[in-house]
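Colleague: attaching a predicted model along with its sequence, questions to come.
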Amino acid sequence: MSEALHFHFNVDGENFTSAGEASVQVKKKLRQLGMPPETIRCVSIAMYEGEINMVIHAGGGNADVYVNEDEIVIVLEDHGPGIPNVELAMQEGYSTAPETIRSLGFGAGMGLPNMKRYTDDMKIDTVIGTGTTITMKVYVK
Amino acid sequence: MTVNELALACGFEAVYLPDGEREVGGAYAGDLLSWVMGRASADDVFITIMTNINVVAVASLADVACVVFAEDVTVPQDVLDAAGRKEINLLKSHVPMFETCVAVGRCLK
């Protein structure tokens, strides 16, 4: 695998129950590629949290996954409202999600912290009123 | 201990068991799914009373050994369908969350 494999997904902002389809697809593909189980777990959880965030806060977006021999790069891009205070958003338990989301088991303020927890590198580029791009890397161990 | 053995030892009902011979490593209980994804380990028993379809996605992505629905909750058809597609083991406990956790804890000792 000299060149990165690239997978692209549109995350539907309207359909909360189908959120996670991209993560599940990525999980399947990584499994087919023979990636280590823990690497697959990290990538798919981080991506799922990102997908859920895009559905809750940004009306959907794009997810791109690049699979290299030594690392997997996940790029999540949305055109939502942006994150006013990234430091606050990174705190476990801090949430701006509406109550309806909580009844579905999400909105506990663990999304971004989990994305950081399960990746080796995470970068947040956010512009108020324009959108957010999150780039995450998981090293293949 | 396998999922089949756990179900038998704890008196859990099999809701859907595509891989009952899967080994169980530990357990995690909770209803807030991001907490579960953040804290549960692969091969855990995931105990919850949450029965929406996202539970199946979380179980799949966190790679848990099985889900145990406590409190005798009714498992909706869309959850069963999703578990079928993703091959997720589902069990049901007829007792509340705490007693369910105690039972699983005793088995895993």
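Modeller: Received it, and whenever you're ready, just let me know what you need. For clarity, every value in this text was computed on a predicted model and none was experimentally measured.

Colleague: in contact with the closest residue to chain A within chain B, which residues?
Modeller: In chain B, the residue that lies nearest chain A is B:Ser34 (3.4 Å; CB to the nearest CB). All C-beta spots, glycine's among them, are computed from the backbone N, C-alpha and C. When contacts are counted by CB atoms under 8 Å, 6 or more residues apart in numbering or on different chains, B:Ser34 touches A:49, A:52, A:106, A:108-111, A:114.

Colleague: same question for A:Arg31.
Modeller: A:Ile40.

Colleague: pLDDT wise, what is whichever residue of chain A sits closest to chain B at?
Modeller: With CB to the nearest CB as the measure, A:Met110 is the residue of chain A nearest to chain B, at 3.4 Å. Looking at A:Met110, its pLDDT stands at 93.

Colleague: secondary structure element for the residue nearest to it when sequence neighbours are not counted, which one?
Modeller: Using CB to CB, 6 or more residues apart in numbering or on different chains and skipping residues adjacent in sequence, the residue nearest A:Met110 is B:Ser34, 3.4 Å away. Per DSSP states H and E, B:Ser34 falls inside helix B:33-39.

Colleague: and for A:Asn114?
Modeller: helix A:111-117.

Colleague: B:Leu6 versus the nearest residue to B:Ala27 once chain neighbours are set aside, what's the distance?
Modeller: Leaving aside its sequence neighbours, B:Ala27 sits nearest to B:Val45 (CB to CB, 6+ apart; 4.2 Å). Relative to B:Leu6, B:Val45 is positioned 7 Å away (CB to CB, to the nearest Å).

Colleague: ok, now which ones touch the residue minimising distance to the centre of chain B?
Modeller: Chain B has B:Val67 as the residue nearest its centroid, 1.3 Å off, counting by CA atoms, centre = their mean. Counting by CB under 8 Å, 6+ apart, B:Val67 touches B:46-48, B:55-56, B:59, B:83, B:88-91.

Colleague: how about the most centrally placed residue in chain A, secondary structure?
Modeller: In chain A, the centroid-proximal residue (CA atoms, centre = their mean) is A:Gly50; its distance is 2.5 Å. Using DSSP: H, G, I helix; E, B strand; the rest coil, the structure places A:Gly50 in helix.

Colleague: shouldn't it be in contact with A:Leu76?
Modeller: Yes. Using CB atoms under 8 Å, A:Gly50 is in contact with A:Leu76, at 4.3 Å.

Colleague: and for those two, which residues touch both?
Modeller: Residues touching both A:Gly50 and A:Leu76 by CB under 8 Å, 6+ apart: A:63, A:134, A:136.

Colleague: can you report how many residues neighbour the closest residue to B:Asp31 other than its chain neighbours?
Modeller: Sequence neighbours aside, B:Met50 is the residue nearest to B:Asp31 in space, at 4.4 Å (criterion: CB to CB, 6+ apart). Residues near B:Met50, counting by other CB atoms under 10 Å in any protein chain shown, number 21.

Colleague: now do the strands in chain A.
Modeller: Assigned strands in chain A, in chain order: A:5-12, A:60-67, A:71-78, A:121-127, A:131-139 (criterion: DSSP state E).

Colleague: how deep is A:Met54 tucked in, by neighbour count?
Modeller: Neighbours of A:Met54 using other CB under 10 Å come to 27.

Colleague: that one and A:Val75 touch, don't they?
Modeller: No. Using CB under 8 Å, A:Met54 makes no contact with A:Val75, being 12.0 Å away.

Colleague: by average pLDDT, which secondary structure element in chain A comes out worst?
Modeller: helix A:99-102 (a mean of 87; mean pLDDT, DSSP states H and E).
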